[in-house]
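In: Give me a model of this one.
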Amino acid sequence: VQLVESGGGSVQTGDSVRLSCSASESSFSLYGMAWFRQVPGNERKCVATISPSTRITYYEDSVNGRFTISRDNAQNTVYLVMNNLTPEDTAVYYCAARLGANGIRPELYDYWGQGTQVTVSS
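Out: Model (predicted):
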């Protein structure tokens, strides 16, 4: 499965950004999807997950209420809408996929995108 993220960039505090992740896999609906982020020197951390087809979602506490994960199985794409961004959201954001149910540990995921940088300035 190849994952390609897009939508990152440089924004101001309070702005919104939508990240997209397109998957090459035709059985995309069988995969649990997640967005992780990583700051240099820190571990990769899960910010949101969405289940394969039942749309069960999870959000890390610091983004809950500001970020929304969604998926379009017909388009093999998962999205992350990030609202009210702060400089603490600055990171490289990665899309990840695993066959079946989700988890929040990065080692559970088999496929990763190349990452997209989001920089939030004050």
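In: for the protein, what spans make up the strands?
Out: If DSSP state E is used as the criterion, the strands of the chain fall at 3-6, 9-12, 17-23, 31-38, 45-50, 57-59, 67-72, 77-82, 91-99, 111-112, 116-121.
In: which one of these lies closest to R105?
Out: strand 45-50 (7.5 Å; CB to CB). Glycine gets a C-beta too; all of them are placed from N, C-alpha and C.
In: re the thing from before, most neighbours per residue, which of the strands of the chain?
Out: Of all the strands of the chain, strand 31-38 has the most neighbours on average by mean count of other CB atoms under 10 Å, namely a mean of 24.
In: confidence score at the residue most central in space within the chain?
Out: By CA atoms, centre = their mean, the mean C-alpha position of the chain lies nearest to W35, the distance being 2.2 Å. Listed pLDDT for W35 reads 98.
In: where are the low-confidence patches of the chain?
Out: Within the chain, the stretches with pLDDT under 70 are 54.
In: Quickly note the distance from the residue nearest to the centre of the chain to S122.
Out: 23 Å (CB to CB, to the nearest Å).
In: Likewise for Y31?
Out: Distance from Y31 to S122, by CB to CB: 36 Å.
In: Then N64?
Out: For N64 relative to S122 (CB to CB), the value is 22 Å.
In: Looking at the two, which is more packed in?
Out: Neighbours were counted for N64 and for S122 using other CB atoms under 10 Å; N64 has more, 12 against 7.
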